[in-house]
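Peer 1: Sequence first, then the predicted structure:
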Amino acid sequence: MKSNEFLMELKRLNIVTFTVSEASALLKKNQAYTSLYLHRLSKSGSIYCILRGVYAVSGSDIWAIASSLYNPSYVTAIGALYLHGLADQMPSRITVFNSRKSHIFNIKTPDGMYEIRFVKTSASRIYGYVSEQGIVVAEPEKAIIDMLYMPDLAPVHYVTDALSNLLGKNGQEHVNKLVEYALLMGSERLLKRLGYVLDTVGYDIHDRIRDKINKRYEPFHKQAGRRIRSGS
């Protein structure tokens, strides 16, 4: 297969990143031949190696790369808020939820070096995302839920700032989705955190979740500097 035909096939299949094994299957060649083929193609600048044995198509968006390395997976936390216009600055670390592994990769692209944190979670918690221009990204509500579920992903002010911006229009509709997504996570701590942050912006959901929690929600921090634990 000629290099232009191979690249066109990748585009047709919407493939952003691929392994040597996956390329071998497309080329119908053994891995030794494929490795040499990809090395030559990378020398031409059409593709580049981002991890050992993993390549990306040149010109691919870092967000698309991050959300395509594992399947299923999606960009969440501050990165998702940034993509939805709910955070002002691109985060220094891109967070991706997936059901396979937890790991931090430093990926070098022609545009620079990026740190991507992959967070493993159960398959039942992989939901609430959309695909936009090749990027698989959490909906704003799911990004907020993920950040409340794992508070170490970002300071709480990112959540409250995003909520203030998100709830400015059709606020109750967004609150309904937040509650729906939070209930699907199956975490009492998460429900208490959501109840607290929504209360700070004028929405009381206690009646909707009181049968799921053992007492009324509480602030994140009972004392300055105290960190709260993530999880169910």
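Peer 2: Ah, there it is.

Peer 1: May I have the beta-bridge partners of the one residue sitting closest to the centre of the chain?
Peer 2: Nearest residue to the geometric centre of the chain (C-alpha atoms, centre = their mean): Val75, 1.8 Å. Judged by DSSP bridges, the bridge partners of Val75 are Val96, Val137.

Peer 1: For it, give its distance to Ile145.
Peer 2: 14 Å (C-beta to C-beta, to the nearest Å). For the C-beta atoms, the positions are set from N, CA and C on the backbone; glycine is no exception.

Peer 1: Which residue ranges of the chain form helices?
Peer 2: Here the chain has its helices, by DSSP state H, at 3-12, 20-27, 31-43, 62-66, 77-83, 140-149, 156-166, 171-185, 188-200, 206-209.

Peer 1: Determine which of these approaches Asn106 most closely.
Peer 2: Asn106 lies closest to helix 62-66 among those, at 12.2 Å (C-beta to C-beta).

Peer 1: Off-centre distance for the closest one?
Peer 2: 10 Å (C-alpha atoms, centre = their mean, to the nearest Å).

Peer 1: do stretch 186-193 as well
Peer 2: With C-alpha atoms, centre = their mean, you get 20 Å for stretch 186-193.

Peer 1: Neighbours of Val136, how many?
Peer 2: Val136 sits with 20 neighbouring residues when counted by other C-beta atoms under 10 Å.

Peer 1: Tell me which of the helices of the chain sits nearest to Pro110.
Peer 2: When the helices of the chain are ranked by proximity to Pro110 (C-beta to C-beta), helix 62-66 comes first, at 10.4 Å.

Peer 1: By residue count, what's the longest strand in this protein?
Peer 2: The single longest strand within the chain, with elements called by DSSP state E, is strand 112-120.

Peer 1: and the nearest residue to Lys108 once chain neighbours are set aside, how many neighbours?
Peer 2: What sits nearest to Lys108 in space, not counting adjacent residues and going by C-beta to C-beta, 6 or more residues apart in numbering, is Ile50, at 7.0 Å. If you count neighbours by other C-beta under 10 Å, Ile50 ends up with 21.

Peer 1: Quick check: can you list the domain ranges of the chain?
Peer 2: If you go by automatic domain parsing, the domain ranges for the chain are 3-60, 63-212.

Peer 1: which of the ones you listed is buried the deepest?
Peer 2: Counting by mean count of other C-beta atoms under 10 Å, domain 63-212 has the highest mean neighbour count of those, with a mean of 18.

Peer 1: quick one: average confidence on that domain?
Peer 2: Taken as a whole, domain 63-212 carries a mean pLDDT of 94.

Peer 1: Just the terminal-to-terminal distance for it.
Peer 2: Terminal residues of domain 63-212 are spaced 36 Å apart (C-alpha to C-alpha, to the nearest Å).
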